[in-house]
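Asker: The sequence and its predicted three-dimensional model are supplied below.
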There are 4 protein chains.
Amino acid sequence: MVSNTAAKRALPQRARKDEDKEARRRFILDEALKLYESTSYGDVKMADVAERAALAKGTVFLYFPTKEALFLTLLEDLLFAWFAKLEGLLAQDAGEWTGPRMARTVAESLEGEESLTRLLTLLQTVLEQNVTVEQVRRFKERLLEAQLRLGATVEARLPFLRPGEGPRFLVHLHVLVTGLRQMADVAPVTREVLALPHMAPLKVDFTAELTATLVILLRGLEAR
Amino acid sequence: MVSNTAAKRALPQRARKDEDKEARRRFILDEALKLYESTSYGDVKMADVAERAALAKGTVFLYFPTKEALFLTLLEDLLFAWFAKLEGLLAQDAGEWTGPRMARTVAESLEGEESLTRLLTLLQTVLEQNVTVEQVRRFKERLLEAQLRLGATVEARLPFLRPGEGPRFLVHLHVLVTGLRQMADVAPVTREVLALPHMAPLKVDFTAELTATLVILLRGLEAR
Amino acid sequence: MVSNTAAKRALPQRARKDEDKEARRRFILDEALKLYESTSYGDVKMADVAERAALAKGTVFLYFPTKEALFLTLLEDLLFAWFAKLEGLLAQDAGEWTGPRMARTVAESLEGEESLTRLLTLLQTVLEQNVTVEQVRRFKERLLEAQLRLGATVEARLPFLRPGEGPRFLVHLHVLVTGLRQMADVAPVTREVLALPHMAPLKVDFTAELTATLVILLRGLEAR
Amino acid sequence: MVSNTAAKRALPQRARKDEDKEARRRFILDEALKLYESTSYGDVKMADVAERAALAKGTVFLYFPTKEALFLTLLEDLLFAWFAKLEGLLAQDAGEWTGPRMARTVAESLEGEESLTRLLTLLQTVLEQNVTVEQVRRFKERLLEAQLRLGATVEARLPFLRPGEGPRFLVHLHVLVTGLRQMADVAPVTREVLALPHMAPLKVDFTAELTATLVILLRGLEAR
DNA sequence: AATGAATGAGGGTTCATTCAT
DNA sequence: CATGAATGAACCCTCATTCAT
């Protein structure tokens, strides 16, 4: 989660201390998230974010050099928060797990994370476009590390996985999430068309489909 | 393939016969495709398409009511052409196939189809946005039918598939293609970052990864 | 009225005889009028007129060189038809009239002539813009003549009018009609505003206001 | 008058104080007016206004949300300035006036106010189209109030007017101005036609005709 | 650090009219 | 005469970002 009680405390008009600056930064992210939840990336205007954060337009740019940078940071926050959450779920039971249980755990951990998965969809297409190498590098660096750590945990829970297949599984997961989220979020016109009874086979339910696919995938890894 | 020798024959200044109109239509699509191949959707301007097709700006709109309609049609053409191609590949050997062979065949049939896979990525996000219900409906109708037919062929080749798993497999394929294409096409900044040696695990090769994942997926289906 | 039973008879596909051409011409005008009645000048497209007349777009331009020419002709037809109607009304009773009676007769003769009065509003602003000198000349020539004739009749009915004041009265009438029609046809937003109770003084009822003003005007002429 | 010496003072690059913003606003209006004086509404592009005001295109939209809003404001300024001017003229001699004197005073006060009268012509047709209810409401509110106040003054000067006929007279004036301005501003082609000697009766001189009509109108009110 | 005024590039689409067929 | 495909000019407004204050 991005939100943070510190951010809710009244901030001084000018954030002089690093601590205040960090709080303001997080507050901006929170407001951006709220906006994003109810619309699309394109519909969230930087001016709206500023207004909701009770700041001037220019001030937002003191904290985030570009709109993409802001949302990449937001994605980062949400993503690593989710990593931690999943880590927690996997830590609860250090015993041996089955593929289906892992599939379910992972898929369900993504329920309610619509903002995260929607942002993931924009990652290479939009968010990494207008951003500094430094930010991308830091992001990828953290991603790599998380992938290794979390991958290791997954491997520990699923003994049939060979070394390196834990991280690999997470890549597959990323692919599936990106693809499924896009298929699940259809345009209004499309929704109308898919409402026709015989169109049912083209409808996609994000969590159900993700679970099912992960189950098969893990079974495929176990089978070998 | 969209391109078509008929389109290359000199067209009369005014396409009055249906045949000529169809040729011009395809010609416009061809030119749009060429433009799209070397840039992005956003960078292709309708004015450019018109210019390349040696037509006035307004003329393009005589054939396609909106930019999205044009590109959705293009995607449609490429997609169903690829369906036919795959159908052909699967027809060559009516015997029994293995999962890995199917995976390879499918993944390789998508090599060189970068425009198709990139457009697939825009399907719900962009192309189905500014388009009539009718066009979407016709598209989905055709898609449904192709999915069933091609799915049946896949089922026929892979005896371990249960009824309905052929079409299902194609949905998974769609998801994977969408997800992988997006991960494989990285922004310039990102390319730079991923060029660092230790970043290798984050790099994704479209065909290789697609093949590998399909292999696992099919093994998972067979294992049951 | 523009409409004409001859126009309703089925026309041959090609109008070769002058008679047929004239019928087709009137038919086009009729259809344009129907369209104009339910929308605004800007919203009537030449393509719509052609379609309603079951003709090709280009064909309409064989009969009217420009959109303005078409509507100027339409206005002409409606205007001179109304002149005739008014002439008729004034002819019914060749005795002496009062100002108020004249005012009422004139104003009421314009009820239901909304298309005419609305077009009158466009006369110099729009219709006389993209039209040949010849058409304008013919129009003004006819107008002049009608003004003199009808003006004479008015003078005959209202003995208190001095020579030349009949035509003059018609000019005033033209001015009032143009001004009032514009004030009476308010934009949707304005309608909303004028719906407020205290805004009543700003609301204008075309016929009522026209009658009242003409009464005063004629009294002013009589008073002298 | 819109122009204002304050606007001529050099403005800081950024108008931060309300006073400066108001000055810039007026400056934009002034430049729009100059443009409008030498062409037509349709020929004045927002881009031109910006250029003449030495501002970026977008900046103009910071001050006026739409082109219509800008010109409605311009009309408002001109109109209420004229109201004040007329009020002044009527105040100079608090004695008793005659109808003809009032007619002349009013008509002459409109000489040189061509922009005002031309804009008045566009009021309901164009200006009130793409504008918020709020702006229209404020405009009508002011109009109502001015009509009442100025109407009262008129009534005071012309004792033969009954209560309420002052404001009423102003409505008539509005109607006449709108109608006459339109008849007086003829298209080039029309001017050519009306130049023919025998066409003289169709020519309209704005001020002369307005005076004459007002004289008659007032005489009509007095006569009763 | 904060503000918010200023910037300015960017682009699909309509439709009266023309003209090849 | 009729057709209808082709033309192409014309244009307001948004909004991320900058920078004077």
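Answerer: Ah, there it is. Everything numeric in this text was worked out from a predicted model, so none of it was measured. Numbering: from 1, shown residues only, chains lettered A, B, ... in the order given.

Asker: surely residue A:117 meets residue A:177?
Answerer: Yes - taking C-beta atoms under 8 Å as the definition, residue A:117 is a contact partner of residue A:177 at 5.4 Å. To be clear about C-beta, it is placed using only N, CA and C from the backbone, and glycine gets the same treatment.

Asker: what sits in contact with each of the two?
Answerer: Jointly contacting residue A:117 and residue A:177 under the rule C-beta atoms under 8 Å, 6 or more residues apart in numbering or on different chains are residue A:110.

Asker: Return the residues in contact with residue A:194.
Answerer: Shown in contact with residue A:194 (C-beta under 8 Å, 6+ apart): A:186, A:200, A:202-203, B:140.

Asker: Buried among the residues you listed? Make that a ChimeraX selection.
Answerer: To isolate the buried ones among the contacts of residue A:194 in ChimeraX, judged by 16 or more other C-beta atoms under 10 Å in any protein chain shown, type:
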select /A:186,202 /B:140
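
Asker: Now intersect the contacts of residue A:194 with the helices, please.
Answerer: Using DSSP state H, the members of the contacts of residue A:194 that fall in helices are residue B:140.

Asker: which of the contacts of residue A:194 lies closest to DNA strand F?
Answerer: Proximity of the contacts of residue A:194 to DNA strand F (C-beta to the nearest atom of the strand) peaks at residue A:186, which lies at 22.2 Å.

Asker: what about the residue lying closest to the closest one once chain neighbours are set aside, how many neighbours?
Answerer: Distances taken as C-beta to C-beta, 6 or more residues apart in numbering or on different chains place residue B:124 nearest to residue A:186, at 5.3 Å, with adjacent residues excluded. Residue neighbour count, defined by other C-beta atoms under 10 Å in any protein chain shown, stands at 19 for residue B:124.

Asker: who's in contact with residue B:124?
Answerer: Counting by C-beta under 8 Å, 6+ apart, the residues that residue B:124 touches are A:182-183, A:185-187, A:190.

Asker: Give me the domain ranges for chain A.
Answerer: Following automatic domain parsing, one finds the domains of chain A at A:1-64, A:66-223.

Asker: if I pick the most centrally placed residue in chain A, what's in contact with it?
Answerer: Residue closest to the average C-alpha location in chain A (C-alpha atoms, centre = their mean): residue A:116, at 2.9 Å. Going by C-beta under 8 Å, 6+ apart, residue A:116 touches A:75, A:78-79, A:82, A:110.

Asker: go again using 10 Å as the cut-off
Answerer: Residues in contact with residue A:116 (C-beta atoms under 10 Å, 6 or more residues apart in numbering or on different chains) are A:33, A:74-75, A:77-79, A:81-82, A:110, A:177, A:181.

Asker: Which helix or strand in chain A has the lowest average pLDDT?
Answerer: Ranked by mean pLDDT, DSSP states H and E, the weakest helix or strand in chain A is helix A:5-8, scoring a mean of 41.

Asker: which element follows that helix toward the C-terminus?
Answerer: Next along the chain after helix A:5-8, taking DSSP states H and E as the criterion, comes helix A:18-38.

Asker: Return the distance of the closest residue to DNA strand E within chain A relative to residue A:50.
Answerer: Using C-beta to the nearest atom of the strand, the single residue of chain A nearest to DNA strand E is residue A:58, 1.6 Å away. To residue A:50, residue A:58 is 8 Å away according to C-beta to C-beta, to the nearest Å.

Asker: between these two, who's got more neighbours?
Answerer: Between residue A:58 and residue A:50, counted using other C-beta under 10 Å, residue A:50 has the larger neighbour count: 19 against 9.

Asker: Tell me the confidence at that one?
Answerer: Residue A:50 is assigned 96 on the pLDDT scale.

Asker: What helix or strand is it located in?
Answerer: Per DSSP H and E, residue A:50 falls inside helix A:46-52.

Asker: hang on, the earlier thing: adding neighbour count, write the contacts of residue A:116 out as a markdown table.
Answerer: Shown next, in a markdown table, are the contacts of residue A:116 (neighbours: other C-beta atoms under 10 Å in any protein chain shown):
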| residue | neighbour count |
| --- | --- |
| A:33 | 21 |
| A:74 | 22 |
| A:75 | 20 |
| A:77 | 19 |
| A:78 | 21 |
| A:79 | 21 |
| A:81 | 14 |
| A:82 | 18 |
| A:110 | 22 |
| A:177 | 22 |
| A:181 | 24 |
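
Asker: surely residue A:70 meets residue A:63?
Answerer: Yes - Residue A:70 is within contact range of residue A:63, at 7.9 Å (criterion: C-beta atoms under 10 Å).

Asker: export the contacts of residue A:194 to CSV and tack on pLDDT?
Answerer: Formatted as CSV, those follow (pLDDT from 0 to 100):
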residue, pLDDT
A:186, 93
A:200, 94
A:202, 94
A:203, 94
B:140, 97
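
Asker: CSV for the contacts of residue A:194, including distance to residue A:94?
Answerer: Converted to CSV, the contacts of residue A:194 look like this (distance: C-beta to C-beta, whole Å):
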residue, distance to residue A:94
A:186, 40
A:200, 41
A:202, 41
A:203, 38
B:140, 47
